[in-house]
Structure formats: C-alpha cells, structure tokens
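# Got a predicted structure here, sequence first:
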Amino acid sequence: MPTKTTHKTSARKAEPAKPAGKSSTAPKTPSKAAPAEKAKGAPAEAPAAPKVPKEVVSLIEPKQKTVRTRTSPKLEHKPFGALPSISKILEPETPPAPAPVAESEPAAVSAEVAPVVEEEAANEKIVHLKPPFTVKDLATAMGLRPFVLIGDLMEMNIFASINQTIEPDVAAKACTKHGFVFEKEKRKEGGGVHKPVVVVKVPVEPEKPAVKELKHRAPIVTFMGHVDHGKTTLMDAIRKTRVAAGEAGGITQHIGAYSVEHNGQHVTFLDTPGHAAFTAMRARGATVTDIVVLIIAADDGIMPQTIEALNHAKAAKVKILVAVTKIDVPGANVDKVKGQLQEKGLVPEDWGGEIIVCPVSAVKGQGIDKLLEAITLEAEMLELKASQEQNPRGTVIEAQVEQGRGPTATIIVKTGTLKVGQAFICGKYSGKVKSLMDDRGKPIKQAGPSTPCKVLGFSGLPNAGDELVGMESDRDAQRLSDERLDEERLGKLSTPQRATLESLFDDLADGQRKKLKVILKSDVQGSLEALITSLEDIQSKKIDLDIIHAAVGPISESDIQLAGASDCVVIGFGTKVESNAAVSAKRLGVQVKLYSIIYELIDQVKEAMAGLLDPETRETVIGHAEVKKVFELSRGLVAGCAVTDGRLARTARARVLRGRQPIYDGGFATLRRFQDDVKEVRNGLECGIKLGDFNDYEVGDVIQCYTLEKVAQKL
C-alpha cells in the first residue's frame, strides 16, 4: 500500500508519460515509470516500451519547439499544476504502443519546416502601418522600446515625443536602421471607416406615362379676387359649411383646400386670401390649379387685388371663369362688371366672347348650380388625366405646426397615389406618411391625383409651395434630406462680405440708426410669408425693422428667452401663448402682442417703429426787438430794447443778430419793464433785456426770440 508521499511522487513521475506528442519528456518515461508500475502490479511486458523514445524524433522536436517559440504568436503556455487526479494515478496504466516511425521521416519533416521558418523570418522584417501613426505605434510594431526609437529620431534631427505622429518616410529610415522594411498600409476605396458616398437622386418624373395608366382626375379650381368680395362665403355655400364665420375679421388669411362632389363628379377647390399682403399665396394657388374662378362683387366691381389675381391667372395660362357675387345687395350692377371685364380683355360669353360669367348670391344660394355646371363643363373640355401608378408627387399648399402632431402640411397630389407608410422628401425635409386626413378631418388610407389631404410625419416644417416626392425607402429620403440641409448650412457659413472703403460710411450710418427687433410666430407657413413680406416693405430711412426669428407654431418659452436676450418684442399672428411662456414673459418683462387681422398688425408695427424715433426739434420765431440804448449797471450791461414785431417771452430763447449774423444764443437772464420783471413783452413796447452772461451789446443789434418744439417723427 503506497503512502501519501508515494502517491505524489508517482503522480509527478507518471504525468509526463501521458502526452505521447511531447518528445522532451519521452526519454525519461521508461527509466522512472518502471518502478512505479512494479509497485502497482504492472504486467511483465512493460519493459518493452522504452525502445520507442530512442528514435530520432527526440532529436528533431526540440528544434521544432525552439522555432515555434520564436515565430508562432499563438503558442499556448499551459500552467504548471495540471496534475491528474489521485484516482487515475492509483489505477494501473498501460502505455500506448507507439506507431512505428521510419528513419527517413525526420528528414522529410525538417525539409518541410525549413521553408516555413524562412518565410516567417522574412515576414518578421516587414512593418505594416497605416498613417497617421505615433512613435509608440512604430516602436511596438518593431518590438523596440519607445525611448530607443526616440533616440534614433534625435540622431536624424527629429524631436518627437512618444505620442507625436511621424511621417512615413521618417519611419522607413528608422525601420531600415533596425533591419525592417516599412510598408505603408493603404485603405481600399470604400473600405474600413470610410463608407462609400451614396448620392441619392430624386426620382425623375416620367415625361409621358402609359396611356393605359391615365385616368380622369378631378379639376383643381382656385377662387381668387379682392378682399371681402365673398370668396369664402361662396365656398361655404358650395360645401354647405360656415368657414367664414370663424375667420378673424371676416377675411381669409390662409389657403384652404376642399373637395366637393357635384352630380357624381369630384371638384377640388382652393380658397386663396384676397388681402394685398398675400400676393405669394395667390401666385402659388394659380400655379397648382386648372381653372381660376375670378370672384368680383357686383357692388364694388374690379379692384386692385382683382387685377393682380387676373395677372396671376394669365401668367399660369389656366382657364378663367368669372363669378359675380353679391347680386342681392342693393347697388349691385352686373353689367358694370361685365363692362370692366371687357376693358381688361375678358369678353363675357353673352357679349360674344369666351369667358363664362355666372352671377351668384352665396347668401340666398342663387346661381351656384350654374357655376358648378360651368366648372365641370370646362373640366371635361380640358380632359384632365393623371396616372395613379406613378411615383406620388404633390404640392404643399399650407404647412403648420400642430400641438401633439408636430409639423403637418396640406398637400394636393398631382400624380400617383400617396399612401400611409410612404417615404418622401419635401423640400429639405424627409419623412414618412404616418397619417392622412381629408378636408373634413377624417382619416383616409390613400390619396389619389387632385385630392387635398393633410399629411403627418414630416421631420421639419416645409415651406408652402415645396414639392413632395415619394422615395423608395426611409434611408434614401433621410440621406437626401441630410445633403440638402448640409448644403444650406454651408451656405450660411460661407465667407461673409468684408468691409470696403465704399461701404464703410454706410456701415457707420447704419450703426447710428435705430432698430425695432421683433420675433414673429404665425399659425401657418403661408401667413408667415405674407407677414414677413409686408413688414419688410415698410420703408424708412430713419429706422430699421429687424426680424430676429420667424417660425410657425405657438409662442413658446424659448421664444420668450430669445426675446429677453435680444431685447425685442414677440408678435403672434393667429396663434396662442403657452402657459409657461406667459410666466416667463412676465418674469423677464418681454412684451407679447397677439393679432388675428393682418392689417391691424402692420399698422401697430408702423406705430411702434415711429415711436422709437427721437422727436424732431422745431424752431419757431415768435418776435424781434431792436437795441436802442445800452445801460451799464452794477450787475452788468443791460440792453434797452423796443419790440418791433411779435412778442418776447421770458421762458423762450433768444439770439443776438449783428449784421444778420448770430453772435450769441442763450436764454433770458432778466426781462423787465421799468422796475418790474415780466413774463412777456408784446409788440410796440419797450423793455430791458439781459441775456445770460452776454455783455457786448451795441445799438442797432437785433434780438430774435424763438421757441423750441418737439414734434414726433414719421417713417
């Protein structure tokens, strides 16, 4: 029975005999393992095993092991202590019979190993690094300590720290000194972190869609005309709603898009504003339309915005119809309107021309059916068709930011079918259609050509008039949006114009001019454009209007903070103030003005600009006096004068004129008649005058008395 010490000894001696591949321990196995086997009752054939380790393999393997230690980076070092369990040591082990090895095999093995070793040795001398790299990176690649490489660089008159980058040619010289070959690693085009630049292009609209794809679409009809001529009321009568009743001031201030069904045919209507400030909105309405209905009030006739709307329609080359409204109002004269139309080159149909004129009354509902029939007739003659299979394209009519929904836009689809989930690009913003709603606010799944709809899912607020184009994927739309935003950002960061000698004095003059700083917030994008255009048209050589920020949506706390930092006024048009913004405005003392009618806003801004101007000082001459005699008193010289015209006032100012040249200007020190101080002396009376510290009076001098008045300036 072996003792505990015997077990440990036998375990140490038996362990090297286990791995047959390790030749370094093979020669020791036969001499030391035999006594242990005898103690355990090993069989008698055990002494035959020691013949195997005496072969040539034991002489070759140490070389091979030495080579691997130097060249192979994947050498695994097994920790000492991986001993077998005691139960395995106690069991008798029979050494496996080694396979016979031919004497010529070691030579073959050494022949195969030799070229591999030479190749690995050659590869060791090549250093691959990709610029830029530091001194530490190069030293690590060559297996040197950094300070050794720094010393080599100092010999080349290059002083670099361990973390400084060095040039590839310098690294090549350092590698050559230590027997290495430096090769600069080149990155393949599009490889690694440099991703290939993917340029996404907007799908090009096909020139002519297939005839089979073309189907009839609804006509797009735009109501245009002067302000307060009954456009929205007529639209309400057609749609049987009451939009005009909810509009501020009774005037339309943004474009509304509606769809109406008449005798089984759909008609899309656009209601444009008639106020002078909304020129851009009328022009946009004319470009997306098929038929323009010119609204003219029977009692007013053709007005300035009517002519402007007519010019927009002619420029867009669309069909023109005329609706004469308010025929039930006293003083209505339809023939007068027709005569004015003929003067403008629009000859009515009943007068031998081609223009259809429909007298209507929106309040009583007269002539509306005739107007709708004329519209459908013109649409049939135009043969309006579009493809529903093409890539969807549409035009933004209005855009706004809605609470809880984010940026939304009213779209009229031109071609294709816009569906929920469609990725798109609109202007510089991308998006994905999250929801579609019709003109009555009901959700729909898709919108075909000539269908007005509200789209949710924009990444930013688009501009009115931008084109919405469907994209194949969200990623393409996002890439295109990023490209356009980067282009806009680079444009803003472009080199500013430097000051020149010609512009230097203009800049100095501008620095002395006062500025009215405002922040504009509006309900919709179209109204915001009209506001900015109207305010920029306010011309004044004395004061400038500086619009710090203009956006769509409610007045937020960030707007108030910007106004407080910029010392400006916040103006809201058709929008509201958030609760936290109102608290911030009260705390910071920022003035917030809300308006719902555009001309009231413009008038108030003009008054505010005029109020910032310093009042002008005007001089008014009230009288003259001539010096008759000079009296010398103890308190100085006093001029005895006679008032020749007007009056002399004690509180006024006076100047001394000698030969029509002023020699003194100041206030009255004393104004007396005889021994009494008086407030004024009128024409024809004599008085004694002493002006400030002036003592150089001469007989014949004229004393001119005048007052200074402050008058408010005008723009």
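Looks like it arrived, so ask away.

# hang on, isn't Gly564 packed against Gln591?
No: under the criterion of CB atoms under 8 Å, Gly564 lies out of contact with Gln591, with a separation of 10.7 Å. Backbone N, C-alpha and C define where each C-beta goes, glycine included.

# So for the two, which residue has more residues nearby?
Counted by other CB atoms under 10 Å, Gly564 and Gln591 do not tie: Gly564 has more neighbours, with 16 against 11.

# what sits against that one?
Residues counted as contacts of Gly564 (CB atoms under 8 Å, 6 or more residues apart in numbering) are Ser584, Leu588, Gly589, Val590.

# check which helix or strand covers the last one.
Val590 is part of no helix or strand, with elements assigned from DSSP states H and E.

# for this protein, longest strand please?
When the chain is parsed with DSSP state E, its longest strand is strand 616-633.

# Identify all contacting residues around stretch 603-617.
By CB under 8 Å, 6+ apart, the residues outside stretch 603-617 that reach it are 514, 516, 518, 535, 538, 540, 542-543, 545, 569, 571, 593, 595, 708-715.

# Which of those residues fall in helices?
The members of these that map onto helices under DSSP state H are Leu535.

# Can you tell me the element the most centrally placed residue in the chain falls in?
What sits nearest the mean C-alpha location of the chain, by CA atoms, centre = their mean, is Leu485, with 6.5 Å. Taking DSSP H and E as the criterion, Leu485 maps to helix 474-492.

# now swap in Ala257 and tell me
Under DSSP H and E, the secondary-structure element containing Ala257 is strand 256-262.

# same for that strand, what does it pack against?
Under the contact criterion of 3 or more CB pairs under 8 Å, 6 or more residues apart in numbering; DSSP states H and E, strand 256-262 touches helix 231-239, strand 265-271, helix 368-382, strand 452-458.

# hmm, try it at 7 Å
Identification of packing neighbours for strand 256-262 by 3 or more CB pairs under 7 Å, 6 or more residues apart in numbering; DSSP states H and E yields helix 231-239, strand 265-271, strand 452-458.

# And the first one, what does it pack against?
Read that as helix 231-239. Counting by 3+ CB pairs under 7 Å, 6+ apart, the packing neighbours recorded for helix 231-239 are strand 220-225, strand 256-262, strand 265-271.

# Save these as a markdown table, and put in distance to Gly421 and mean pLDDT too.
Formatted as a markdown table, the helices and strands packed on helix 231-239 follow (distance: least, CB to CB, whole Å; pLDDT from 0 to 100):
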| stretch | distance to Gly421 | mean pLDDT |
| --- | --- | --- |
| strand 220-225 | 26 | 85 |
| strand 256-262 | 22 | 80 |
| strand 265-271 | 24 | 83 |
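
# Which of those sits closest to Asn157?
In terms of CB to CB, the element of the helices and strands packed on helix 231-239 nearest to Asn157 is strand 256-262, at 76.3 Å.

# Hey, what's the angle from the closest one to helix 231-239? Just curious.
Angular relation of strand 256-262 and helix 231-239 on a 0 to 180 degree scale: 30 degrees, by axes from the mean of the first three to the mean of the last three CA atoms, to 10 degrees.

# Would you mind getting the angle between strand 256-262 and strand 265-271?
Interaxial angle of strand 256-262 relative to strand 265-271 (the same axes, to 10 degrees): 150 degrees.

# strand partners of strand 256-262, parallel vs antiparallel please.
Here strand 256-262 has these sheet partners by DSSP bridges: strand 265-271 (antiparallel).

# how far out from the middle of the chain is the strand it pairs with?
34 Å (CA atoms, centre = their mean, to the nearest Å).

# Check what contacts it and list those residues.
Residues outside strand 265-271 that contact it (CB atoms under 7 Å, 6 or more residues apart in numbering): 218-223, 231-232, 235, 252, 255-260, 285, 289, 375-376, 397, 412, 450, 452.

# Point out where the protein drops to low pLDDT.
Counting by pLDDT under 70, the ranges of the chain that qualify are 1-124, 185-200, 202, 205-207, 241-255, 273-287, 494-513, 715.

# domain assignment for the protein?
As given by automatic domain parsing, the domain ranges for the chain are 4-73+83-108, 125-184, 214-375, 393-489, 514-612, 616-711.

# Let me have those in CSV, adding distance to Ala386 as columns.
Listed next are these as CSV, based on distance: least, CB to CB, whole Å:
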stretch, distance to Ala386
domain 4-73+83-108, 68
domain 125-184, 55
domain 214-375, 4
domain 393-489, 4
domain 514-612, 25
domain 616-711, 63
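
# To Val204, which of those domains lies closest?
Of all those, the one in closest proximity to Val204, counting by CB to CB, is domain 393-489 (9.8 Å).

# Compute the first-to-last residue distance for that closest one.
Across its full length, domain 393-489 reaches 26 Å end to end, with CA to CA, to the nearest Å as the criterion.

# So what's the gap between it and the chain middle?
Relative to where its chain is centred, domain 393-489 has its mean C-alpha point 16 Å off (CA atoms, centre = their mean).

# between the contacts of Gly564, which has the most around it?
For the contacts of Gly564, neighbours were counted using other CB under 10 Å, and Val590 has the most, 23 neighbours in all.

# Now do it against Thr140, distance only.
For Val590, the distance to Thr140 equals 61 Å [CB to CB, to the nearest Å].

# where do the helices sit along the stretch 251-400 of the chain?
With DSSP state H, counting those that start in this stretch applied, the stretch 251-400 of the chain shows helices at 279-287, 304-316, 334-343, 368-382, listed in chain order.

# which one of those is the most hemmed in?
Between the helices of the stretch 251-400 of the chain, the one whose residues have the most neighbours on average, counting mean count of other CB atoms under 10 Å, is helix 279-287 (a mean of 21).
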